Structures are given as structure tokens and as C-alpha cells.
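>>> quick one: sequence plus predicted model below, questions after.
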Amino acid sequence: MTLARRIIPCLDVDSGRVVKGVEFEGLRDMGDPAELAARYNREGADELVVLDISASFEGRSTFLGTIQSVAEQLNIPLTAGGGIRTMNEGRAVLRAGADKVTVNTAAVDRPELISELSQQFGAQAVVLSLDVKRKGDSWEAYTRGGRTATGRDAVEWAAEAVSRGAGEILLTSIDRDGTCSGFDCELTAKIASTVPVPVIASGGANTFEDFLAVFTKGQADAGLAASIFHSETHSIRALKKFLVERGVPIRLSR
Amino acid sequence: MKIAIVDYGAGNLPSVERALWKLGAETERATEPAQVTGAKAVVLPGVGHFAAFVAGLRERKLTSPLRSAFEAGVPILGICLGLQAMFASSEEAPGDPGLGFFPEEVRALPTNVKSPHIGWNQVRRMRESKLLRGIPDDAYFYFAHSFAAPASAKATVAACDHGVSFAAVIEQGNLAAVQFHPEKSGETGALVLRNFLELAA
């Protein structure tokens, strides 16, 4: 009996559509969130993450509707976030049907937000989204979608967020994100061995071997990816079968 | 008659509701005593803090109707924090008594493992279980919690291990409860709910 490692597809949503960021070319439309959610639910995803990356107020205002339509498709857990600034915004995300809410920028600006959400909804409902860039021998936490350096050491900030009540960490390597060069296993192992909560590794996933590496070398509790699943480069079922054959504890749905 | 889903003011009520609808059940959100008293079965879902849960029940005057339903033999299903609330007390809120359907105390998971226990895990059957009927022994269920009832609790029918053995499924007379989230446990979870609906039919 072992806690299974999780495979988590992520939907980056802009104004109600799933998008993929293409450097210098803007955003490419990847489909309807509810349709993709239904597909992943069917294919054996262990959880789904939906992140609002809308730049405009109009785009953001449709996000709660997106969460609701996605939640209706799922019988697996749903994590949602992106730009959550207040307790009330967090509550609205959970009320719309998410099981967990992610916080990032606002939590760096005002760490009490984590404590407030955790006291109200429980640590299991609060996920720290931690965007990280390597800086010499250490790592620095970034906010505002990876645009703003915080000056804070990522490991130290992760530990503080957990002590304030974050129940999970969604760890994204900005260096690896979108590069298809594999997860940053060193970074993931560093955070996973420091904090007493589960760590979801994100950024750089391309091959089945990348997931195997992040679950072994990286000690991740979950691996997250977006475009490789959306584009059907990899099916979740095939990935899970690959990992099971290599001894990783994985849930195979029937 | 409908299945009352106890609405104590927070929690994962819509997803539980949706999972029951998909199985053809008629449900009602119970916020008042009469809705619990008149129900043919009661579901007690919950996430968050033990103290907020029992306070929510108290403020809505739902504690004594729940106790009456228990005594009258109405099938009751506790989910996650709803399972924990059926016990006498919890380390999470030492001053707040639970419903006391079971005498044991809910405890924090140990610190030698990651907590919250979040993710998909398997359960070990200790006795025959009605809720797990038709479900393979190696099936996975979705858990998300930091506290748990001890596996040694008298009503435990299946346990899960995460640093310690804790009660994953509980059955005793008309009472049933699961520490995992059946509404988030895919098709396996739907089977658990279907088994409960059959007990309540």
C-alpha cells in the first residue's frame, strides 16, 4: 500500500480558452477547457490544474465560469488559481467547484493570505504556486507570471509558506518551462526534501523519462505538464503504464 | 423522500451533490433540522477545520437531528471531515466535542511522513465491507487530510497506512463513513456511493 505519484495535466486559460504560450508569437489556442477536462478525466488523470493567465480584466471575469464548467466534467480533484489576491477571491474559486486554490504573487506580497485561507478551508485546500529561477548556487522565487524577481530564496519561502498553512507546493522551474528539456530534478529534490508537504513538479516535461526522473531523482509527489498532453504527444494512459513498468507507484484507472 | 446532504456552510458540497445525481439520487441541501429529520438517508460531507464543522452544525441546530437520525436507524454516510465529526473528539480542536457516534479520538497524522496526506492511496480490508462491495482490493481512492481516526477504532472495516494505520472505511449498523473522497475518486468512488445508495434504498 503506497501513496501513488500523480500525473496532473494543466490548463492555462485566457478569456475562457485553453492556450499555450509560444515565445515571441503570443498565445496559441489549444481548445475548450471543459472538453479537455472531460478528456483528461476519461484518460486517467489523477487531478487537474486550471490556471488563469488572462491579462485583461474582461478575461479574468470569465474564470469562475470556466472553473464551474470544468468541475462539472470531473470526478477527480481540481486545483485552480492564477491572480488570486484575497480571501474572498479564494473562496469564490472553491465555491465555483475547485478543491484547492493556488496563490503566488499576493502571498509573497502579504504572506498572511496563506494563513487566512488555510484557517478557513484547511491546509489541504491551499497550494503555494512557486515560480523559481536558478541564481548561482541557489534559487530565487519569482512572481507576476515569472516577470518579477522577489529577492527571496525559494527554499526559504517554501518553508515559510508551509509553516503558514500551505498544504502543497506547485513548483515551476522558469528556466525549464516551455523548453522541453525535462524537469529540474535538482530543484525539485531540494524543495521536496525540505518541506513536509507534497510537491508538484512543473516546467520542462517532454518525455516519459522526464517523469520517471522527477519521481525518482526529483522525489516529486506529482508531475504536471500542459502542452505535451493537449497536443496528444503523449497519452496519460501510456505514460502511466511506462511508469508502472518501472516500479513507480501509479494509479491505473479502469 | 430525498437524501439530505448536510450543508454546514463550507465544504465540497456541490461535487458530492453532482456525484449522487449522476447515480440517479434525489438530494436536498439540509440547512435546517426538519430537512435532516425527514430524510431517508443523510450524507455528511466536509473539508476544513474540525472546530468550524462542529460549530457550523451547532449554529444550524443540526447536531441533535443528526443524533436522532442515528438513533432511528437512518443510513448516514460521513465523508472526510464528516467521518471525523462522527467521533467523540479530535486533536485538531480539543475543546469541541464531535457527534460522538464512535468513542475514539481523531488524531493528527505523524510528522515522519508528508502531511496533509494528499493523493491516491489503497486500503486494506479488515472485515467484510458493504461500501467496498464489488471494488477490487488494489483500487485507489483520493485522500486529502491531516487528521484521521485510528485504525483500531471498533467500527473500522478498512484501513490505510500513511505513517500510521488509520481508519479509511467505517461501518457500524446504519453508520458508514470514508476518510477518502468518493466524489473525487473516479469510477471507484462512484461505486462506493452507489453501494451507500443501495443501503439507503
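Yep, it's here. Source: prediction; values computed, not measured.

>>> check contacts around B:V106.
The neighbourhood of B:V106, defined by CB atoms under 8 Å, 6 or more residues apart in numbering or on different chains, consists of B:F50, B:Q84, B:F87, B:S89, B:S90, B:E91, B:E92, B:G98, B:F147, B:A148, B:A149. All C-beta atoms are positioned from the backbone trio N, CA, C, and that covers glycine.

>>> against A:A149, how distant is it?
43 Å (CB to CB, to the nearest Å).

>>> name the residues that touch the top helix by length along chain B?
When chain B is parsed with DSSP state H, its longest helix is helix B:186-200. Contacts to helix B:186-200, defined as CB under 8 Å, 6+ apart, come from residues A:41, A:75-76, A:253-254, B:3, B:19-20, B:22-23, B:25, B:40-41, B:43, B:75, B:77, B:130-135, B:139-142, B:176, B:178, B:180-183, B:185.

>>> weed out the non-buried ones from those.
A:41, A:75-76, A:253, B:3, B:19-20, B:25, B:41, B:43, B:75, B:77, B:131-132, B:135, B:139-142, B:176, B:178, B:180-183, B:185 (16 or more other CB atoms under 10 Å in any protein chain shown).

>>> ok, back up a step: now, the contacts of helix B:186-200 that are in strands?
B:I3, B:A41, B:V43, B:L77, B:F141, B:Y142, B:A176, B:V178 (DSSP state E).

>>> the first one against B:A25, yeah?
Yes - distance between B:I3 and B:A25: 5.4 Å, which falls inside the contact criterion (CB atoms under 8 Å).

>>> thinking again about what came up before, who wins for neighbours among the contacts of B:V106?
B:Q84 (29 neighbours; other CB atoms under 10 Å in any protein chain shown).

>>> quick one: the strands in the stretch 101-250 of chain A?
Listed in chain order, the strands of the stretch 101-250 of chain A (DSSP state E, counting those that start in this stretch) span residues A:126-135, A:138-143, A:148-153, A:168-173, A:199-202, A:222-225.

>>> what about the last one, average pLDDT?
Here strand A:222-225 scores 97 as its mean pLDDT.

>>> what about that strand, near chain B?
Yes - Strand A:222-225 lies within reach of chain B by CB under 8 Å from any CB of the partner chain, at A:A222.

>>> kindly report the same for the first one.
No - counting by CB under 8 Å from any CB, chain B has no neighbours in strand A:126-135; the shortest distance is 9.6 Å.

>>> parallel or antiparallel, list what pairs with that strand.
Each strand paired with strand A:126-135, and its direction, by DSSP bridges: strand A:100-103 (parallel), strand A:138-143 (antiparallel), strand A:168-173 (parallel).

>>> is it possible to get a markdown table of these that adds distance to A:I228?
Formatted as a markdown table, those follow (distance: least, CB to CB, whole Å):
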| stretch | distance to A:I228 |
| --- | --- |
| strand A:100-103 | 21 |
| strand A:138-143 | 23 |
| strand A:168-173 | 15 |
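
>>> let me have those strands in TSV, extended by distance to B:E171 and mean neighbour count.
Shown next, in TSV, are the strands paired with strand A:126-135 (distance: least, CB to CB, whole Å; neighbours: other CB atoms under 10 Å in any protein chain shown):
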stretch	distance to B:E171	mean neighbour count
strand A:100-103	29	26
strand A:138-143	46	20
strand A:168-173	30	27
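
>>> give me every residue that touches A:E112.
Per CB under 8 Å, 6+ apart, neighbours of A:E112: A:R164.

>>> now do the one 3 residues further on
By CB under 8 Å, 6+ apart, A:S115 lies in contact with A:R164, A:G165.

>>> cool, the one 4 residues further on as well?
Contact analysis of A:Q119 by CB under 8 Å, 6+ apart lists A:G165, B:H49.

>>> thinking again about what came up before, JSON lines please, covering the strands paired with strand A:126-135 and showing mean pLDDT.
As requested, those are arranged in JSON lines below (pLDDT from 0 to 100):
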{"stretch": "strand A:100-103", "mean pLDDT": "97"}
{"stretch": "strand A:138-143", "mean pLDDT": "96"}
{"stretch": "strand A:168-173", "mean pLDDT": "97"}
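
>>> between these, which gets nearest to A:S69?
strand A:100-103 (17.4 Å; CB to CB).

>>> which outside residues touch the closest one?
A:49, A:51, A:77-82, A:84, A:90, A:93-94, A:113-114, A:117, A:121, A:124-129, A:166-168, A:170.

>>> likewise stretch B:87-94?
By CB under 8 Å, 6+ apart, the list of residues contacting stretch B:87-94 reads B:49-51, B:54, B:84, B:96-108, B:146-147, B:149, B:153.

>>> now find how far off-centre that stretch is within its chain.
15 Å (CA atoms, centre = their mean, to the nearest Å).

>>> can you check stretch A:197-206 too?
On CA atoms, centre = their mean, the centre of stretch A:197-206 falls 7 Å from the chain's centre.

>>> how about the residues of chain A that lie near chain B?
Counting by CB under 8 Å from any CB, chain A sits next to chain B at A:1-6, A:41, A:46, A:71-72, A:75-77, A:97, A:99, A:119-125, A:167-168, A:196-198, A:221-222, A:251, A:253-254.

>>> ChimeraX command to pick out the buried ones of those?
A single ChimeraX command selects the buried members of those (16+ other CB under 10 Å):
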select /A:3,4,5,6,41,46,71,75,76,77,97,99,119,120,121,122,123,124,125,167,168,197,198,221,222,251,253
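
>>> wouldn't A:K217 be in contact with A:C185 here?
Yes - with contact defined as CB under 8 Å, A:K217 counts as touching A:C185 (4.4 Å).

>>> between the two, which is the more surrounded one?
A:C185 (22 against 13).

>>> any chance of the backbone angles for the closest residue to that one other than its chain neighbours?
With CB to CB, 6 or more residues apart in numbering or on different chains as the criterion, A:C185 has its nearest non-adjacent residue at 3.7 Å, and that residue is A:G218. Backbone torsions of A:G218, given as degrees, to the nearest 10, read phi -80, psi -10.

>>> contact partners for A:G218?
Per CB under 8 Å, 6+ apart, neighbours of A:G218: A:F183, A:D184, A:C185, A:E186, A:T188, A:A189, A:A192, A:A201.

>>> same check, this time on A:A201
Contacts of A:A201 (CB under 8 Å, 6+ apart): A:L171, A:F183, A:D184, A:T188, A:V214, A:G218, A:A220, A:A222, A:G223, A:L224.

>>> in the sheet, who's paired with it?
A:L171, A:G223.

>>> just give the number of residues close to the closest residue in space to B:N112 that isn't next to it in sequence.
Once flanking residues are discounted, B:N112 sits nearest to B:G163: 5.5 Å by CB to CB, 6+ apart. By other CB under 10 Å, the residues close to B:G163 number 14.
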